[in-house]
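Visitor: Compute the structure for the input listed below.
(2 chains)
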Amino acid sequence: MPASPPSGSPAPLSLSQIETRFRNRIWRGDALGASDDPVISSGFQGLDKELPGGGWPTRNLTELLLPTEGLGEIRLLSYALEEITRSERNILLIAPPYIPYMHAWAHLGVDGRHIVMVRACKPAERLWTLEQGIRSAAFGTIIGWLPEASQQATRKLQILSRTAASLVFLFRPARARFEPSAAPLRILLSPVRGHSHTLSLYLLKRRGAPFVLPIRIPLPQAAVFSRSAELKSPLIHSYC
Amino acid sequence: MLWIALYFPALSLDWIERRFPEALIPAIGVTVRKGNQTCIQQANKPAQARGVMAGQPLASALAVFPDLVIMEQDPREEGKALQQAVYAALRFTPNIAVQNNGLIAEVSGSLKLFGSLKNLCQSLNRVVTAQGLQLSAGIAPTATAAWLLARSAQQGTVINGKGEEFRILLDALPVGLLESVQPHLEVIRGIGCKTLADLRRLPRSGVARRFGPDLPVELDRAYGDSPDPQKWFEAPEDFQQKIKMMGLVENTELLLVPAQRMVEQMCGWLALRHAAVSAFSFVLHHEYSLRQHHKFTSVNIRLSEQSSDPAHLMLLLREHLERTKIVAPVCELELTADEIAAGADGNLELFPTMQSETTSLNRFIEKLSSRLGPEAITGLKVVSDHRPEYSQRLELSGTGGLNPFSKRETNSQIIPPESPRPAWLREIPLELKVQRGRPVYESPLKLLAGPERIEAGWWNDAAIARDYFIAENNQGQLLWIYREHNPVEKDKGNKGGNWYLQGLFG
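Guide: Residues are numbered from 1 along each chain as shown, chains lettered A, B, ... in the order given. The predicted model follows:
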């Protein structure tokens, strides 16, 4: 390490100088990647800490691998979605597997008036719709359910996402974890046995050092879940 | 003042050629009558390659190449093609004067909008060339000079005589380009005048006496020494254009090129009126035949928000055309602006605002519904009802229907926030199997919470009485299931009804 550069010839830059000069463009392999792209907090401290930039990245594709629906995937995104609708931006749902129940979404703080839903059955149509959604400036978040996607398709979506100031989430089946993907952030969701309202997240891929341990996050839940003796106190709405 | 003149040297050929799909253009010769002889006036490239030349008598041309397609010169069709070029050019300036085989556009007011003279000239050339016309262009501070320069230019080139340079360029032009010289061309050449400079050197009074007063006036106008009033093109009140197809087209792809031309024309016309279109129709006329009854197929397109952007309109038209079945060969196309609204597109904005977001949402919806069908894209409207099936309504995106920024009635929260509701609902509840008294979905279910009784709807024959539970299976899915509650059956000893899965806690 040349601590004192020899006079006369231009001094070769030291590693730390290079790092300061090209900040944001290079990162050390052992550090968590940082980027200039704005992020939206996921609302879970444990998760934010491990995500590059400290939240869901905009201008990038985020892949969420889901073994099956109904694990709490919407509650995982709910803080970000709430944030988006609060700033009067729209959410695009492409080919969701079920119908969103607006009362539940409203309880999570998501304003249903900002939700646009597209039904597209064929994979090609889903991809096309995703592309159009990302290209359009109308949406703050685009969530697509894409069971089959080739590497080229995800690459195309990632390149498109670089130009859009929105969050782009892809829900894909868990078996896709072994397929290559161009998304810079890939997270596998899985339930925690015995804890109904906890989700464990495996960061399969992120910018920066890999993180092997699962992150456990408690999901937001309605008050009735937290009551202990649930089955004993029936709630009855009867309107006759 | 700054003028761009466009000259179409091959107009009499171009209007024929552009009716063909590009790959199928045959060898064409346009004929004109000279006395009692018919001559080839212009021949296109394939014909020239076979040895057909302009000026040849028709008989010799046919002797050289018997399969030549012969068309008589048709000033009416040429005028129509010229008018369509003018329509397309109107997008760049409202001041356009129509010439014989060309047009002159006054562009000094449009320079700023299009960035620079170079950009403007390039886009003008591109748009007019896309109309299927070959052109040469001239730029000058006077209309006549621009016109003369354009006519002297090589095909496909631009002569730029901006500033004072144009006088030098004019000096070198041959006298034959001047219109008032034509009757005296032999004499003027005979006295040794070859260029405009030579002509200007002659005594003015003598020239006026010998060749008529028009000649010095035309020269003065070209050099900017006397005023040069122009008669502007006036667009009709409404827009309707037809394009005939040479040959019968059964393929949508081949319709796109003429369709694009017509859309460009419509946008030029809209720009002149400072308006935008909110509904337009594209009609495919079929060839008349006794066997089929379809005289035409009409594609009507209604925009949720007015637009005068050719790319956007073309995109919509393309999506609609791709879904249109062509029942019979098409011989003519027609484009009509059905409804126009005042005011063009919104201003360009530096930062995305609510307005521009609404615009892009509307465009997105239009784009999607023209490809996937209008029922593919929906919003959700909350209805005050306890029954999950009736508590929300899919709202179609039809024109203006889906507008997230409209003030809908506020969602009266009749469902108290402490009662849990799943994020996902099944469209139709799934009946669950029962194993040893426990409902099964993938694996036997464990009930976590409930029951919550929902009993409503007796007023419209869709009464429900259900006990809802929250259940979990082995895979960790949280499910919202219910059991039908039927007091009559319960009395018979049958404990409860069937189990159904209605939702998932996503």
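Visitor: Low-confidence stretches in chain B?
Guide: Across chain B, the ranges flagged by pLDDT under 70 are B:343-357, B:397-418, B:486-496.
Visitor: for chain A, longest strand please?
Guide: strand A:195-205 (DSSP state E).
Visitor: Tabulate the CA atom coordinates of the following helix or strand past that one in PDB.
Guide: Following strand A:195-205 in sequence order, the next helix or strand is strand A:215-218 (DSSP states H and E). The C-alpha trace of strand A:215-218 is given here as PDB (Å, rounded to 0.1, in the frame of the first residue of the first chain):
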ATOM      1  CA  ILE A 215     -35.800 -13.200   8.500                       C
ATOM      2  CA  ARG A 216     -38.900 -13.600  10.600                       C
ATOM      3  CA  ILE A 217     -41.400 -10.900  10.500                       C
ATOM      4  CA  PRO A 218     -44.700 -10.600  12.400                       C
END
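Visitor: re the thing from before, so the longest strand of chain A, near chain B or not?
Guide: Yes: applying C-beta under 8 Å from any C-beta of the partner chain, one finds strand A:195-205 touching chain B at A:Ser196. Every residue, glycine included, has its C-beta placed from N, CA and C.
Visitor: Would you mind listing the buried residues in that strand?
Guide: A:196-197, A:199-204 (16 or more other C-beta atoms under 10 Å in any protein chain shown).
Visitor: Please apply the same query to stretch A:120-137.
Guide: A:120, A:125-134, A:136-137.
Visitor: now do stretch A:162-180
Guide: A:164, A:166-172, A:176-177.
Visitor: what's the spacing between it and its chain's center?
Guide: Centroid separation for stretch A:162-180 versus its chain: 8 Å, with C-alpha atoms, centre = their mean, to the nearest Å.
Visitor: Stretch B:468-480 now?
Guide: For stretch B:468-480, the distance to the chain centre is 52 Å (C-alpha atoms, centre = their mean).
Visitor: what's the answer for stretch B:47-57, then?
Guide: 37 Å.
Visitor: just to revisit the earlier point, near chain B, which of the buried residues of stretch A:120-137 show up?
Guide: Answer for the buried residues of stretch A:120-137 near chain B (C-beta under 8 Å from any C-beta): A:120, A:125, A:128-129, A:132-133, A:136-137.
Visitor: Quick one: those as TSV, columns for pLDDT and secondary structure too.
Guide: As requested, these are arranged in TSV below (pLDDT from 0 to 100; DSSP: H, G, I helix; E, B strand; the rest coil):
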residue	pLDDT	secondary structure
A:Ala120	87	coil
A:Glu125	89	helix
A:Trp128	90	helix
A:Thr129	92	helix
A:Gln132	89	helix
A:Gly133	90	helix
A:Ser136	85	coil
A:Ala137	82	coil
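Visitor: Which single residue in the stretch 401-506 of chain B comes nearest to chain A?
Guide: Closest contact between the stretch 401-506 of chain B and chain A, by C-beta to the nearest C-beta, is at B:Gly476 (2.4 Å).
Visitor: A:Leu189 is in contact with that residue, correct?
Guide: No: counting by C-beta atoms under 8 Å, B:Gly476 sits too far from A:Leu189 to count as a contact (9.7 Å).
Visitor: Overlap of the contact sets of the two?
Guide: A:Leu71 (C-beta atoms under 8 Å, 6 or more residues apart in numbering or on different chains).
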